[in-house]
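Trainee: test case, fold it:
(2 chains)
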Amino acid sequence: KAGVTQTPRYLIKTRGQQVTLSCSPISGHRSVSWYQQTPGQGLQFLFEYFSETQRNKGNFPGRFSGRQFSNSRSEMNVSTLELGDSALYLCASMYGTGGFYEQYFGPGTRLTVT
Amino acid sequence: AQKVTQAQTEISVVEKEDVTLDCVYETRDTTYYLFWYKQPPSGELVFLIRRNSFDEQNEISGRYSWNFQKSTSSFNFTITASQVVDSAVYFCAVRLGNTPLVFGKGTRLSVIA
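Mentor: You can find the predicted model right below:
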């Protein structure tokens, strides 16, 4: 089975722009979660989707949004980029929802905001 | 709210030494799930193990072993006969039924040849 794929792998944007990141989960997995990883804050949860419905949302401003499509693929969008948004954005897929299932992570998208 | 503490920020060992990574968690729930992930320099988080709160059995998988003790809220991870390829950042995490994963800050392990 193919693993979680994320595109693009690297991205450089300018402050004020917006960006869309994409995640394709493992085939058969219906849950997708997004995390932001920075040296200062570590791994922070952004949101979780299951069957196109947002199940959980982290403590991030409204500039961060996401969605999930009927094929379980997910996108996250960040509008009006700030320098502090520079981070590694990780997507994780899970077969179901709930603590019983383990999450499998993609390679991440490294976003640099200048 | 849940919390995970990995007190060891960085550990450096010589190849073939054994090393234990500590993890202490906090949660008021009786049902929870604990995880360990490895993040090599490539950046991808690799799942290592999941343990639920009702299963306190220790587990051994090759050179890896995990010691879960509810009495001390700890879920420690030991690598036996460490190898250079074990060099990575290791994260411990906790999750309740339908809540997001909460990660510790991670422990950077460097194995020197």
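Trainee: could you use CA atoms for every contact and neighbour count after this?
Mentor: Will do.
Trainee: near chain A, which residues of chain B are found?
Mentor: B:32-33, B:35, B:42-47, B:50, B:52, B:95-105 (C-alpha under 8 Å from any C-alpha of the partner chain).
Trainee: could you redo the last one with a cut-off of 10 Å?
Mentor: B:31-35, B:37, B:39, B:42-52, B:91, B:94-106 (C-alpha under 10 Å from any C-alpha of the partner chain).
Trainee: of those residues, buried ones?
Mentor: B:32-35, B:37, B:39, B:43-47, B:49-52, B:91, B:94-96, B:99-106 (16 or more other C-alpha atoms under 10 Å in any protein chain shown).
Trainee: show the contacting residues for the closest residue to residue B:40 other than its chain neighbours.
Mentor: Nearest-residue entry for residue B:40: residue B:88, 4.4 Å, with adjacent residues in sequence omitted and distances by C-alpha to C-alpha, 6 or more residues apart in numbering or on different chains. Residues counted as contacts of residue B:88 (C-alpha atoms under 10 Å, 6 or more residues apart in numbering or on different chains) are B:38, B:39, B:40, B:41, B:42, B:43, B:106, B:107, B:108, B:109, B:110, B:111.
Trainee: so the third one touches residue B:91, yeah?
Mentor: What that stands for is residue B:40. No: Residue B:40 is not in contact with residue B:91 according to C-alpha atoms under 10 Å; the separation is 11.1 Å.
Trainee: list the residues that contact both of those two?
Mentor: B:46, B:108.
Trainee: what bridges to residue B:21?
Mentor: For residue B:21, the beta-bridge partners under DSSP bridges are residue B:77.
Trainee: before we move on, what's the pLDDT of it?
Mentor: According to the prediction, residue B:21 has pLDDT 98.
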